[in-house]
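In: requesting a structural model of the entry that follows:
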Amino acid sequence: MRLLFVFIIILVFGCAQKEEPQFDRTKQFATELAQLKDYFQIPGLAVSVEKDDEIIYQNYAGYADLASQTKLDSTHIFPIASLTKVFSGVLIMKLVEQGKISLEEPIKIYVPQMDPPDSILVKHILSHTSQGDIGNKFYYSSRFGILTTVIEKASGVSFEKYMDAEIFQPLGLKNTHLLQDSLQVLQNNLNIAKPYHIEDEIVDGFIDYGYSSSAGIVSNLNDLVIFDQALDHNSLITEESKNLMFSGINEDLPYGYGIFNQQFEGFKLIWGYGQYNCYSSLFLKVPSKNITLTLLANNNLMSDSARLIYGDATSSLFVLSFLKNYIFSLEDMILLETKYSIKSTEKSKNPNFYRKKLLTQALAASFMARFDVEKMQTSTALLSKVFSEHPNYLEYADLNLLHNLTFLKDVAFFKELGAFNQFDEKIETISTKLLKEDPQNPYLHLYMGVYYDRKGDNDKARYHFEHIVNANNFSRNWYTEEAENWIKGYEN
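Out: The predicted structure follows:
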């Protein structure tokens, strides 16, 4: 009897020990999400974490409507913007399975009126590799919207009907729609969380209407969980198709077919994000751990501040909080540094993750400095700490770091804080390295054009802006207009 009693005690204690870390991770993650919600002034934030087909954490924080003080809950839906691309990627893979399309076909077959070169294939549009050096470089492109026509011609029905028949209806997604206009909202009583954006304070925003293969779906957490599980269980496409979708043309590139992919500290991350002017969304899978994060917000700062368009999920503090708590068990690591913790010399048990976290907060702080100039000091202090502890900065320099450094100079310019030259040498050294590796990158040229403009070196600024305007095989984008406007102003 005594042996049985001891066995029971060990069994109960062992179970308690096994469950305790999971509880702590979720508690810490929830605490950090609350901090990030406040940091980015997000009115309403919905979050879900699923592991092994079970929801281990789900929460609705804040407000769907600030004026009426309506709390956010599971009945509210959000425009998910570019997360629509994941759904479109599934549709393309289904058409491949049905033998109605080939990824190797020239896109010209479907859009002859656009007269694209024969070398641009369907897979290049689907993977954002159709610009510049076709098939070899990732540049996020508006060309993805061409796939609306591709899907319609290959399926023989409208994009809306094919999406409904192949995904929405089979999965029973009752709260997921392609959003056409405000009349649809009224007629179907769609309970959309109100849009907001930040000026000097939180102000009312607007809903982006219209849909395509690039954007336009509205949904909620529970429907997105169903969609995620369908991907996991190959209910929509086969395992082979899913693996191809998740890997794309080349796994060294940050984008597969309709969804991002990358390696981080030994783990493969599959992810997507959405960003409108007044909404943001995030979808992140760690397949080896069978765990998924979904986030929906009714302002754009969850996505915009992280510059996710460059293809690095770990430039998001939301992603790093999730990874440090659920994947790397770094619960004791502070997510948001203060002026006191920045000065600490305590060594982290994962120095690479810690460095990344400092750089990610520095990036966020520089972006938020537009609304609070004190965050410029925070960003500068974080960067200085990284450069001090990791002086070989060319080893980890990337587009996000260059953006961060040049953006600080830009904030100082617009806030009339005087010349900010602290990182000029690093900016020029890093840009030389990055432009050698990727000489066509429009973002690199934009940031260096602005940098030299702020320094008053118009000749060098013009060189970079003209490179954007004169680039071969690049579609017009916001940076094209910025470059053209600068050149016109210079000439006048």
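In: what's the average pLDDT for stretch 133-145?
Out: Averaged over stretch 133-145, pLDDT sits at 97.
In: I'd like the numbering to begin with 39 instead of 1 from here.
Out: Shifting the count to begin at 39 puts that one at stretch 171-183.
In: show me the shaky parts of the stretch 239-388 of the chain.
Out: 383-384 (pLDDT under 70).
In: in space, what's closest to residue 119 - neighbours in sequence excluded?
Out: residue 312 (3.2 Å; CB to CB, 6 or more residues apart in numbering). Yep, even glycine has a C-beta here, placed from its N, CA and C like the rest.
In: please name the bridge partners of the one you found.
Out: Applying DSSP bridges to residue 312 gives these bridge partners: residue 319.
In: that one and residue 199, how far apart?
Out: 23 Å (CB to CB, to the nearest Å).
In: quick one: which of the two has more around it?
Out: Applying other CB atoms under 10 Å to residue 312 and residue 199 shows that residue 312 carries more neighbours, namely 27 against 12.
In: contacting residues for the closest residue to residue 483 other than its chain neighbours?
Out: Distances taken as CB to CB, 6+ apart put residue 502 closest to residue 483, at 4.2 Å, once the chain neighbours are dropped. With contact taken as CB atoms under 8 Å, 6 or more residues apart in numbering, residue 502 is in contact with 483-484, 486-487, 490, 521.
In: any idea which helix or strand carries residue 502?
Out: Assigned by DSSP states H and E, residue 502 belongs to helix 496-507.
In: same check, this time on residue 246
Out: Applying DSSP H and E, one finds residue 246 in no helix or strand.
In: show me what contacts it?
Out: Taking CB under 8 Å, 6+ apart, one finds 117, 119, 253, 314-317 in contact with residue 246.
In: please repeat the previous calculation with a cut-off of 7 Å.
Out: 117, 314-315 (CB atoms under 7 Å, 6 or more residues apart in numbering).
In: columns distance to residue 68 and secondary structure on top of the residues you listed, output as JSON lines?
Out: Shown next, in JSON lines, are the contacts of residue 246 (distance: CB to CB, whole Å; DSSP: H, G, I helix; E, B strand; the rest coil):
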{"residue": "117", "distance to residue 68": "25", "secondary structure": "strand"}
{"residue": "314", "distance to residue 68": "26", "secondary structure": "coil"}
{"residue": "315", "distance to residue 68": "28", "secondary structure": "coil"}
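In: am I right that residue 307 is in a helix?
Out: No: secondary structure of residue 307 (DSSP: H, G, I helix; E, B strand; the rest coil): strand, not part of a helix.
In: so it sits against residue 353, correct?
Out: No: contact status for residue 307 versus residue 353: not in contact, 12.0 Å apart, counting by CB atoms under 7 Å.
In: how about the strands in the stretch 289-438 of the chain?
Out: 298-302, 305-313, 318-324, 329-335 (DSSP state E, counting those that start in this stretch).
In: still on that earlier bit, any idea how far residue 480 is from the residue nearest to residue 483?
Out: Distance from residue 502 to residue 480, by CB to CB: 10 Å.
In: could you give me the buried positions within the host helix or strand of residue 223?
Out: For residue 223, the host element (DSSP H and E) is helix 220-225. Within helix 220-225, the residues that count as buried by 16 or more other CB atoms under 10 Å are residue 223.
In: for the next helix or strand after it, packing partners?
Out: Sequence order places strand 234-236 as the next helix or strand after helix 220-225, per DSSP H and E. In terms of contacts (3 or more CB pairs under 7 Å, 6 or more residues apart in numbering; DSSP states H and E), strand 234-236 is packed against strand 240-242.
In: what's next to the strand it packs on, contact-wise?
Out: Outside strand 240-242, the residues that touch it by CB under 7 Å, 6+ apart are 79, 81, 104, 234-235.
In: could you do stretch 172-181 as well?
Out: 157-158, 162-163, 166-170, 287, 291-293, 347, 349, 476, 478, 480, 513, 515.
In: for PyMOL, what selects the buried ones among those?
Out: Selection of buried members from these for PyMOL, criterion 16+ other CB under 10 Å:
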select buried, resi 158+162+163+166+167+168+169+170+287+291+292+293+347+349+476+478+480+515
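In: can you show me the strands along the stretch 89-238 of the chain?
Out: Under DSSP E, counting those that start in this stretch, the stretch 89-238 of the chain gives strands at 92-103, 108-109, 116-117, 215-216, 234-236.
In: mind putting these into a markdown table with distance to residue 131, mean pLDDT and mean neighbour count?
Out: Shown next, in a markdown table, are those (distance: least, CB to CB, whole Å; pLDDT from 0 to 100; neighbours: other CB atoms under 10 Å):
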| stretch | distance to residue 131 | mean pLDDT | mean neighbour count |
| --- | --- | --- | --- |
| strand 92-103 | 26 | 98 | 17 |
| strand 108-109 | 38 | 98 | 14 |
| strand 116-117 | 24 | 98 | 28 |
| strand 215-216 | 19 | 98 | 22 |
| strand 234-236 | 35 | 96 | 21 |
